[in-house]
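1. Here is a sequence with its predicted model. Questions after.
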Amino acid sequence: MASTGADESAAAAQPRAAISHVIFDMDGLLLDTEGFYTEVQEKILARYSKVFDWSVKAKMMGKKAIESARIFVDEFGLAGLLTPEQFLEQRESMLQALFPSCIKLPGVLRLVHHLHANGIPMAVATGSHKSHFALKTQNHQEMFSLMHHVVMGDDPEVKAGKPSPDIFLAAMRRFEGNVEPSKCLVFEDAPSGVAAAKIAGMSAVMVPDPRLDVSYHKGADQVLSSLLDFKPSEWGLPPFKE
Ligand SMILES: O=P(O)(O)OC[C@H](O)CO
Ligand SMILES: [Mg+2]
């Protein structure tokens with residue numbers, strides 16, 4: 001159930017941190033796109049009589065395309081049968097057909113509108129590259145227009161993908177004023193994303209897929225089953241009013 005202002009009064013007394021800026025991951029956090037990656041990977045694996053495995057997906061999530069492609073080939077024992085580049089080529093048309101139909105995850109709109117209405121600057125930091133970002137967000141323009149900026153995986157400042165802190169530090173630097181990492185709260189679904197946020201010196205709320213083993217939750221400051229469970233006042237942010 002959605003939290004109320006009354007529910008949050010105790011948390012507000014002693015927040016976990018004094019957050020002033022919020023950075024959202026996109027795939028699997030704002031938008032329900034991770035299932036598309038899984039579906040396509042299963043199809044490609046079937047061509048080689050291999051079976052999808054969540055422990056490999058856990059390593060691929062959140063990374064730049066070529067980084068996750070290398071993990072896919074290595075971890076599924078496809079070296080010699082398929083190169084990372086061929087994997088990306090094989091999946092491309094399937095992903096392009098699926099991305100435009102993606103929907104927002106539960107609680108996303110409520111939280112984004114709430115933070116925007118309260119003047120909390122927000123950004124997106126996604127491992128996704130420009131062309132995939134455009135396909136995924138084409139039906140969600142209104143929400144993304146509320147973000148101060150977006151940093152993508154193919155941005156020149158993002159030398160390495162998550163768990164490198166590059167993308168979150170770039171996102172932080174592009175806010176107005178001098179923003180400290182300790183004032184930034186990152187929302188992530190991927191283990192590599194949580195690690196990147198923590199290495200950057202930020203707080204991390206993880207909203208993992210329930211199929212991800214709990215051992216991957218470690219490192220997150222808070223783990224929620226849905227953004228509907230997020231209580232802003234626990235982080236020094238204005239509480240929900242409804
Ligand atoms: O989770 P994101 O938004 O960093 O995206 C990364 C990949 O595109 C999908 O795992
Ligand atoms: Mg993600």
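-> In hand now; what should we look at? Ligands and ions are numbered 1, 2, ... in the order given.
2. only C-alpha atoms for contact and neighbour calcs from this point on.
-> Noted.
3. For ligand 2, what's the nearest residue on the chain?
-> Asp27 (4.0 Å; Cα to the ion).
4. give the contact list for the closest residue to that residue other than its chain neighbours.
-> In space, and not counting its chain neighbours, Asp27 is closest to Thr33: 5.5 Å by Cα to Cα, 6 or more residues apart in numbering. For Thr33, the contacting residues are Asp27, Phe99, Cys102, Ile103, Lys136, by Cα atoms under 8 Å, 6 or more residues apart in numbering.
5. The third one contacts Leu135, doesn't it?
-> No: the pair Cys102 and Leu135 does not pass the contact test of Cα atoms under 8 Å, sitting 9.3 Å apart.
6. Look at the two and report which has more neighbours.
-> More crowded of Cys102 and Leu135, by other Cα atoms under 10 Å: Cys102, with 20 against 17.
7. End to end on stretch 216-235, go ahead and measure it.
-> End-to-end distance for stretch 216-235: 22 Å, by Cα to Cα, to the nearest Å.
8. Distance from it to the middle of the chain?
-> Mean-position distance between stretch 216-235 and its chain equals 13 Å (Cα atoms, centre = their mean, to the nearest Å).
9. do stretch 208-218 as well
-> On Cα atoms, centre = their mean, the centre of stretch 208-218 falls 14 Å from the chain's centre.
10. Show which residues not belonging to it make contact with it.
-> So stretch 208-218 is in contact with Gly28, Trp54, Ser55, Ala58, Glu188, Asp189, Ala190, Pro191, Met206, Val223, Leu224, Ser225, going by Cα under 8 Å, 6+ apart.
11. for the residue of the chain most remote from its centre, what are its contacts?
-> Outermost residue of the chain with respect to the C-alpha centroid, by Cα atoms, centre = their mean, is Gly80; its distance is 31.7 Å. Going by Cα under 8 Å, 6+ apart, Gly80 touches no other residue.
12. Against Lys159, how distant is the residue nearest to Asp27?
-> 24 Å.
13. and if you look at Ala69?
-> With Cα to Cα as the criterion, Ala69 and Lys159 are 17 Å apart.
14. Equivalent analysis for Glu142, please.
-> 29 Å.
15. Next: Phe52.
-> Phe52 is 29 Å from Lys159, by Cα to Cα.
16. The two: which is more packed in?
-> Per other Cα under 10 Å, whichever of Phe52 and Lys159 has more neighbours is Phe52, with 17 against 13.
17. roughly how far apart are the more buried one and Trp235?
-> Distance from Phe52 to Trp235, by Cα to Cα: 37 Å.
18. what does Ile103 give?
-> 27 Å.
19. the more surrounded of these two?
-> Between Ile103 and Trp235, counting by other Cα under 10 Å, Trp235 is the more crowded of the two (21 against 15).
20. For that one, give me its contacts.
-> Ala12, Pro15, Arg16, Ala17, Ala18, Ile19.
21. Quick check: of those residues, which has the highest neighbour count?
-> Ranking the contacts of Trp235 using other Cα under 10 Å puts Ile19 first, with 22 neighbours.
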